[in-house]
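Chemist: Got a sequence here, can you build the structure:
(2 chains)
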There are 2 protein chains.
Amino acid sequence: MQRIADIRNASALMQWDQETYMPPKGATLRGQQISTLSELSHTLFIEEELGSILNDLSGKNDLDITQKRNVARTLEDYQKNKKYTSAFVRALSDQVNKAFHAWIESRKQNAFSIFQPELDKLIALKKQEVQLLGFEKHPYDALLDEFEKGCTVELLDKTFSGIIPVLKTLLGKIAASPQVDDSFLQQAFPKEKQWEWGMHLVKQLNFDFEAGRQDISEHPFSTSLNSKDVRITTRIDENDFANMTWSCIHETGHALYEQGLLSENYGLPLGEACSYSIHESQSRLWENNVGRSLVFWRHYFSGLQQFFPEQFKNVTVDQFYKGINKVQPSFIRTEADEITYHFHVYIRYELEKKLIDGSLTTGDIPAYWNEQYKQLMDITVPDDKNGCLQDVHWSHGSFGYFPTYSLGSFYAAQFFHQAEKEIPLLQSGLEKGDSSLLLKWLREKIHSKGRFYTSEELCKAVTGTGLEINSFTSYLLDKYSSIYTL
Amino acid sequence: MQRIADIRNASALMQWDQETYMPPKGATLRGQQISTLSELSHTLFIEEELGSILNDLSGKNDLDITQKRNVARTLEDYQKNKKYTSAFVRALSDQVNKAFHAWIESRKQNAFSIFQPELDKLIALKKQEVQLLGFEKHPYDALLDEFEKGCTVELLDKTFSGIIPVLKTLLGKIAASPQVDDSFLQQAFPKEKQWEWGMHLVKQLNFDFEAGRQDISEHPFSTSLNSKDVRITTRIDENDFANMTWSCIHETGHALYEQGLLSENYGLPLGEACSYSIHESQSRLWENNVGRSLVFWRHYFSGLQQFFPEQFKNVTVDQFYKGINKVQPSFIRTEADEITYHFHVYIRYELEKKLIDGSLTTGDIPAYWNEQYKQLMDITVPDDKNGCLQDVHWSHGSFGYFPTYSLGSFYAAQFFHQAEKEIPLLQSGLEKGDSSLLLKWLREKIHSKGRFYTSEELCKAVTGTGLEINSFTSYLLDKYSSIYTL
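Modeler: Below is the predicted model:
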C-alpha cells in the first residue's frame, strides 16, 4: 500500500508542478505522464495477490480495531478498483487531459462550444463508469459514491429541498434590509503586501511550514503528498484583496487536516482523510466559522491595518466584519457569500444529475445554467466564463464532487457548534488570535482518525448525531440577523 | 518505452523538487518514493514480453537506420537491466538515500567519519553490482561502462598518463610567471542583481524558457524531464560572483543539449543524450571555450558593467579576461581553473579504482585524498569539507562518473576546434554576442543525434577522429601563453 501511495504522491507532485512551476511546453507530455502513473497505481492495486492477502486478513481475529479498519477499508477500495479495467483508467485519464486543455482554451476564448465536444466524450466515459460500478436507484449515485461513500440522489434531494427554501427566505429578508458597505474592499492592494499578509495569516493559523509550503497558481488549491509535505496555493489580484485572504484561510483549513493525519498510517486508509465532505468541512470551518467571525477579526484587524494602513484607515472592525459578510447574488461560486454559495452548488448538482441520467445533453448546459441563475438568484449571466465555464471540476471528470461543498458547510457548522460546547475558552482564545485549542480539538476528534469512520459515523462520534442542517441554518440566522438587523 | 520514460520523468521531478522547493519534513518519505519509482521502471523494463519484442525487431530487415539504432540500443539497455534484480535496484536506491542524508550530516559536522559507515555499505553494493554486471580486466570497468559505454581503466590510465604531465609542466611555468590580478572578483555582489544577471546570461545563450526554468538550489545542477521541460539551478553567494556566473553558463550548456534532443524520440535511445562525457562536453564547451574566452567578454563585459557599475568601474575587458582565467591550485573541484580541474578529477579516479578493487578502504580516504592534493598541487587540505566530503557523487552511488568530467573537457576542445573550422563567422558572431551559429552547429552535429552514435563514433563523425588530447592541450597552451606571456 505504501508503494501505491508513493506513486500517487509522485502524481500529486506532477499535478502541483503543472499548476505552479512547469514551463509552458512541459504541458505536452505532462498529461501522458500523469496517466501512466494513474494506470500503474491502479494495476498494482488490483493484483490478485493483494486481494488474497486482504481476504486472509479480513478473517483474522487477532487484529486490533485500527488494523481491522485498515483491512476493511482497503478491501472495499480493492473491490471498487477491481471494477475498473486498466484500459478504462488510462482512457479516462487521457480524456481528462484533453478535456482540461479544451477547457483552458474555451475559457481563453470565452466559448463553451470549444469545451463541449471533449466534455461530451468525458461524460460518455463517466456513463461507462456508472455501468462498471453499478447503482441501485439513480445512475448518479454511482459517481456520488466516489466522493462521498453512501451518498445518494435521494439523500441529497432531501437535504437540498430542506435548505434551499430557508436560504431563499433569508436572502429575501436581507435584500429588503438596509445594505452593508463593503466599498473599502474595492481598492487596490499591492500584490507583494498581499502575499506577505497571506503568509502571515497562514502561519498564525498554525500551518506547519516545515511540512508544507504556499505558492502562487491561477486557481487556489491544496494538495498533499503526505502529512509531512502538504502544499497550498493562492492567487493574488491587486483589486481583489478578499479573494486572496479567504482563499488562504480556506486552503489552510484543508492543509491543517492533511498535516494532522498520522504519518504512521502512510499508505493506509487510516492515514487518509475521511471523505471529500469532511475535508471541505475543515476548509469551510476555518474560512467561515472562524475566518469570517467577529471575534477572529477583533484580533487580526489591527494587524491588517498595519499591512494596509491607507486602505483601512477609516474602517472600524465592525464595519470590516459587516463588509466581509455582505450577501449578494453573484456569478462566481468561489467568491459567493455563505448563503448564495449553496445556490451555486445546487445548480451544478441538478445539472450533473440530468447529464448523467441523460435528461440533458452537453448542448443544453449554457441555457440551463443561465436560466437557473436567473430563477434562483435573479441575475443574468453575461457570458460563459462567468457562467458554465467557471469551474475546473468537469474538465477533471469530477462529477459528483460539487455536493460535497454544501455538505462540507453543513458539517462545519455542526462541528463548530460542538467545539464551542466542548471548549469553554474557544471564543476568548480566538479573540486573542489563538486558534490552537480549536486545532487541537479538531486534530483529536477528526484529523487523527483518518478513514476510521465514514462521514456519517464521524459526525455521530463527534457531535452525537448524523448530518443535520439545523446547526447551519441557526448559524446563518444568528449571524445575518445581527449584521442586517433582521 | 514511453511509459518507462514517464516514470523516470516523475522521479526526476521528485529529485528536482527535493533540491528546490520540498519542505524539510518532506525528506522523510521522498527517498522511499524515489526508490519505488526506480524499482517500478526497472520492473517494467525487464518484462519478458519487451525482450521478445526487441529480439523480434532486431531480426527485421525493413527498419530504417534510426529505427534499427533505436532497437539495438534498447536491446543493449534491456540486456544490461536484466542483470539486475528488482531487489538489488531497490536496495541500492534505499542505500543511496541513506548515504545521501549521512553525507549532508557529515558536511554539517565537517567529519568524514559520519559518512563512512553508509559509504561502506554503498561500496559493498557497488561491488555486488560489479559482480552482477561482469567485467574483463578491471572490476571498475563494469562501473565506468554505466556512465561511458566502452570506457575502461586501460583507456583512462593511458589518457591521464598523457595529460597529467603536460598539465604539471604548464602549471609550473605559470607559477613561475607574473601572476594575474583577480581582486575585482573578491567583492560583494548583491544577490538580487546576481540573479538578474544570471537570468540575462542564460536567456542570451538561447536557453528556451518556454521549455525550461532556472531556480536556486544549494548545489547547481541540471535535470531534464524531457526536451520540453529542462531545468537548471544555480547558487548565489554574495561574495562569489564567479561561481554563480560560470555555473549558469555550465548548466545552460547541459540544458541546451537536452532541449536540442528530438521530442519525437521521447522514451527512445535516440531521444536521449549520447553519454555522460558528451553531456559534459556541452557544458564545458559553453562554460570554458565560449564563456571564458576573450571574444565572448568583448561583447558581454559592458553589459556586466551596467549590472555592477561600482564593482567593475576600473576594470578593462582585458583585465577581466585575465582575472577570470587565473590559474591557481585550490581545494574545490567545481571552482577550479581549466588546468588544475583535471588534477581534482584524476585524484578521484585513482581513489575510486582502488576502492573498487579493494586496495583501499573507506577508512583510508581522507589520508589518501589529502596526500594526493599535497603531491599534485602542493596544497594542504584543511578539513574534510574542503577535501573528501566536497562532492555529492559518492553519496549517489555514482562511482565511475568523475572521469567523464575530464573526457568532457577533451571532447569540448575537439568539438570547438572543429566548429571554428566549419563556421567562418563563429568568432565574429561571439564577439557580437551571437552564439546562435554555434548552437545551430551543435544541434545539427550532436544534439539531434541522441544516442545514434557512441561517444567515440560521434567524435569521429563530427571531427573526423576519435578522442585525442591534442586539441585540449593546444587550446590551453594558446590561451595561457597569452594570458601569462609564457
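Chemist: For the stretch 1-150 of chain A, which residues are neighbours of chain B?
Modeler: A:2-3, A:6-7, A:9-11, A:13-14, A:17, A:21-26, A:28-30, A:32-33, A:36-37, A:40 (CB under 8 Å from any CB of the partner chain). For every residue, glycine as well, the C-beta is placed using N, CA and C.
Chemist: where do the helices sit along the stretch 351-486 of chain A?
Modeler: Listed in chain order, the helices of the stretch 351-486 of chain A (DSSP state H, counting those that start in this stretch) span A:365-377, A:403-422, A:426-431, A:436-445, A:455-463, A:470-483.
Chemist: likewise the stretch 201-350 of chain A?
Modeler: Going by DSSP H, counting those that start in this stretch, the stretch 201-350 of chain A shows helices at A:241-259, A:276-284, A:294-307, A:317-324, A:341-357.
Chemist: Quick one: residues contacting the residue nearest to the spatial centre of chain A.
Modeler: Closest to where the C-alpha atoms of chain A average out (CA atoms, centre = their mean) is residue A:280, at 4.5 Å. If a contact means CB atoms under 8 Å, 6 or more residues apart in numbering or on different chains, then residue A:280 has A:404, A:405, A:407, A:408, A:409, A:411, A:412 as its contacts.
Chemist: same deal with residue A:267?
Modeler: Neighbour list for residue A:267: A:1, A:2, A:3, A:4, A:5, A:6 [criterion: CB under 8 Å, 6+ apart].
Chemist: Ok, residue A:164 next?
Modeler: Residue A:164 touches A:342, A:343, A:346, A:376, counting by CB under 8 Å, 6+ apart.
Chemist: Help me confirm that the last one comes into contact with residue A:347.
Modeler: Yes - at 6.7 Å, residue A:376 counts as touching residue A:347 under the criterion of CB atoms under 8 Å.
Chemist: before we move on, the earlier item: which one of the contacts of residue A:267 is nearest to residue A:117?
Modeler: Within the contacts of residue A:267, the smallest distance to residue A:117 is 33.8 Å, found for residue A:4 (CB to CB).
Chemist: Local confidence estimate at that closest one?
Modeler: At residue A:4, the pLDDT value in this model is 97.
Chemist: now do residue A:86
Modeler: 88.
Chemist: If the residue of the stretch 101-250 of chain A found nearest chain B is in a bridge, with which residues?
Modeler: Nearest residue of the stretch 101-250 of chain A to chain B: residue A:229, at 3.5 Å (CB to the nearest CB). Beta bridges link residue A:229 to residue A:226 when assigned by DSSP bridges.
Chemist: Give me the distance between it and residue A:251.
Modeler: 15 Å (CB to CB, to the nearest Å).
Chemist: shouldn't residue A:107 be in contact with residue A:386?
Modeler: No - counting by CB under 8 Å, residue A:386 is not a contact partner of residue A:107; they are 10.7 Å apart.
Chemist: can you tell me which of the residues of the stretch 1-150 of chain A next to chain B are in helices?
Modeler: A:2-3, A:6-7, A:9-11, A:13-14, A:17, A:28-30, A:32-33, A:36-37, A:40 (DSSP state H).
Chemist: What subset of those residues is buried?
Modeler: The neighbour count (16 or more other CB atoms under 10 Å in any protein chain shown) marks A:3, A:6-7, A:9-11, A:13-14, A:17, A:29-30, A:32-33, A:36-37, A:40 as buried among these.
Chemist: Nearest to residue B:450, out of the helices of the stretch 351-486 of chain A?
Modeler: Per CB to CB, nearest to residue B:450 of those: helix A:365-377, 46.2 Å.
Chemist: Quick check: mean pLDDT of the closest one?
Modeler: 97.
Chemist: rewinding a little: more neighbours: which of residue A:229 and residue A:251?
Modeler: Ranked by neighbour count (other CB atoms under 10 Å in any protein chain shown), residue A:229 and residue A:251 place residue A:229 first, with 29 against 26.
Chemist: check contacts around the more buried one.
Modeler: Residue A:229 sits next to A:211, A:212, B:22, B:23, B:25, B:26, B:29, B:30 when contact means CB under 8 Å, 6+ apart.
Chemist: Residue A:260 versus the first one, what's the distance?
Modeler: Noted for residue A:211: a distance of 10 Å to residue A:260, by CB to CB.
Chemist: Can you pull the residues that touch both of these two?
Modeler: residue A:227.
Chemist: Does residue A:433 touch residue A:300 like I think?
Modeler: Yes - under the criterion of CB under 8 Å, residue A:433 makes contact with residue A:300 at 6.6 Å.
Chemist: ok, residue A:179 - contacts?
Modeler: With CB under 8 Å, 6+ apart, residue A:179 has these contacts: residue A:326.
Chemist: ok so, going back, between residue A:433 and residue A:300, which contacts overlap?
Modeler: residue A:204.
Chemist: more neighbours, these two?
Modeler: Using other CB under 10 Å as the criterion, residue A:433 and residue A:300 rank with residue A:300 on top: 20 against 15.
Chemist: For stretch A:203-217, give the mean pLDDT please.
Modeler: 98.
Chemist: Enumerate the positions of that stretch that are buried.
Modeler: Neighbour counts using 16+ other CB under 10 Å place A:205, A:207, A:208, A:211, A:212, A:213, A:214, A:217 of stretch A:203-217 among the buried residues.
Chemist: Appreciated, that's everything.
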